[in-house]
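Asks: Sequence plus predicted model, see below.
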Amino acid sequence: MISAHAPGLAPSILPLALSPVRAGFPSPAEDRMEAGIDLQAYLVADPLATFLVRVAGDSMRDAAIQEGDILVVDKGLAPRHGDIVIAAIDGEFTVKRLHVQGRRCMLLAANPDYPPIVPAGDQELQIWGVVTACVRKFR
């Protein structure tokens with residue numbers, strides 16, 4: 001089996017139900033399972049360009065990103081307008097939505113309590129990667 005996993009980490013194959021679970025009206029549960037799913041292969045397109053980061057704060061809450069979530073970040077993807085990115089402004093890291101207007105970029109929070117970040121002419125803005133997935137534990 002070919003699996004996209006980081007060197008030194010064994011893939012974790014977990015059982016996957018054949019039928020999707022309904023988020024609307026309940027239906028009888030089916031106990032049939034597919035062969036399984038390797039979560040790393042499912043979440044990571046390019047293992048050598050991917051890293052994980054834990055979220056602190058609530059600036060992205062309206063994008064369903066909460067404190068304690070783990071973000072899957074791909075450094076190999078070219079950031080586009082509207083992407084959620086990990087950015088560094090003068091060396092300080094943040095997760096925000098990238099907004100591009102012509103040659104100007106700004107970083108937008110997904111919480112009205114936080115103002116847009118518009119880098120000043122002397123500030124260095126670096127995009128470290130594009131967020132491709134969010135992992136959250138409930139218990």
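Replies: Great, that's in hand.
Asks: Now do the SS call for Ala41.
Replies: For Ala41, the assignment made with DSSP: H, G, I helix; E, B strand; the rest coil gives helix.
Asks: quick one: it and Asp62, what's the gap?
Replies: Distance of Ala41 to Asp62, given as C-beta to C-beta, to the nearest Å: 30 Å. All C-beta spots, glycine's among them, are computed from the backbone N, C-alpha and C.
Asks: between those two, which one's more packed in?
Replies: The neighbour comparison of Ala41 against Asp62 (other C-beta atoms under 10 Å) goes to Ala41, with 17 against 12.
Asks: so how far is Arg61 from the more buried one?
Replies: Taken as C-beta to C-beta, the span from Ala41 to Arg61 is 29 Å.
Asks: surely Lys96 meets Ala88?
Replies: No: if you go by C-beta atoms under 8 Å, Lys96 and Ala88 don't touch, sitting 11.2 Å apart.
Asks: out of those two, which sits in the more crowded spot?
Replies: Per other C-beta under 10 Å, whichever of Lys96 and Ala88 has more neighbours is Lys96, with 23 against 13.
Asks: In what element of secondary structure is the more buried one found?
Replies: Per DSSP states H and E, Lys96 falls inside strand 92-101.
Asks: do the same with Val130
Replies: Per DSSP H and E: Val130 is located in strand 125-135.
Asks: May I have the beta-bridge partners of Leu52?
Replies: When assigned by DSSP bridges, Leu52 has beta-bridge partners Val72.
Asks: Just list the residues touching it, thanks.
Replies: Shown in contact with Leu52 (C-beta atoms under 8 Å, 6 or more residues apart in numbering): 70-73, 135.
Asks: Please apply the same query to Gly57.
Replies: Shown in contact with Gly57 (C-beta under 8 Å, 6+ apart): Glu67.
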